[in-house]
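1. what's the 3D shape of this:
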Amino acid sequence: MYEKYDFRVFRYTADHLRKWHLILLDLGIENSIHPCMNRDGVLFVENIGADASGVPGLNYGMQFGDDLFRTVAVNDRQFLEVAGPKFSRAEVASRYIVMYAVDLVRVHLGLMSVKGALNELGLDHRVTVDEDLCRLSVSTEPAVYSLTDLHDAASISRIMCMKDAESGVLLANGLAESIDGSN
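-> Predicted coordinates for the structure are as follows:
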């Protein structure tokens with residue numbers, strides 16, 4: 001399959017991160033979404049902001065191992081630990097990490113977090129939850145799953161079931177208006 005340092009495993013995600021970097025630049029929004037791979041085999045999303053506790057410099061990245069795309073905490077480009085959901089599919093992991101990165105920009109601009117909005121919708125009816133394993137699975141495709149803390153189950157279930165185009169519409173909603181309104 002893939003070796004630890006094989007960037008091909010992250011091509012899908014890196015392409016989407018680059019796309020959003022350019023979309024934001026086209027809107028006049030400076031950002032630091034620059035995917036690169038470090039020596040630990042982590043796809044690092046450069047300078048995407050503080051972590052949930054507000055610690056600057058602690059960011060998320062992705063690592064592939066044991067046939068899962070794992071969200072990891074990285075500090076100064078160094079792998080620290082697996083710190084977040086794990087996904088069985090690159091497409092779902094990509095939507096998650098892109099949403100995380102663009103959501104930080106949205107919140108900075110005073111827009112609602114897409115992840116927060118998805119959490120308010122509750123668990124997607126197409127996803128089953130195994131609470132003992134902290135596993136979410138798409139009912140019609142059990143091979144599409146995420147291992148995650150259940151407090152993130154609602155938003156992750158929605159991300160698992162949406163297409164990239166749907167995710168893009170949600171993320172873009174209000175960005176141009178927020179820039180026009182600030183001029």
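2. Mind jotting down where the helices sit in this structure?
-> Assignment of helices within the chain using DSSP state H yields the ranges 11-26, 90-108, 114-121, 153-161, 164-172, 175-182.
3. Number of residues surrounding the residue nearest to A143 when sequence neighbours are not counted?
-> Distance criterion C-beta to C-beta, 6 or more residues apart in numbering; nearest residue to A143, sequence neighbours excluded, is S88 at 6.2 Å. C-beta coordinates here come from the backbone N, C-alpha and C atoms, glycine included. Residues near S88, counting by other C-beta atoms under 10 Å, number 20.
4. Ok, N173 next?
-> Using other C-beta under 10 Å, N173 has 14 neighbouring residues.
5. quick one: contacts for it?
-> Residues near N173 by C-beta atoms under 8 Å, 6 or more residues apart in numbering: none.
6. Need phi/psi at it.
-> phi -60, psi 120 (degrees, to the nearest 10).
7. tell me the centre residue of this protein?
-> Central residue of the chain (C-alpha atoms, centre = their mean): I97, 1.6 Å from the mean position.
8. For it, give its distance to P35.
-> As judged by C-beta to C-beta, to the nearest Å, I97 and P35 stand 9 Å apart.
9. can you list residues touching both of the two?
-> Counting by C-beta under 8 Å, 6+ apart, the shared contacts of I97 and P35 are T13, L17, L43, V45.
10. So which of the residues you listed sits lowest on pLDDT?
-> On pLDDT alone, V45 ranks lowest of the shared contacts of I97 and P35, at 70.
11. right, and that residue touches G61 too?
-> Yes: under the criterion of C-beta atoms under 8 Å, V45 is in contact with G61, at a separation of 6.1 Å.
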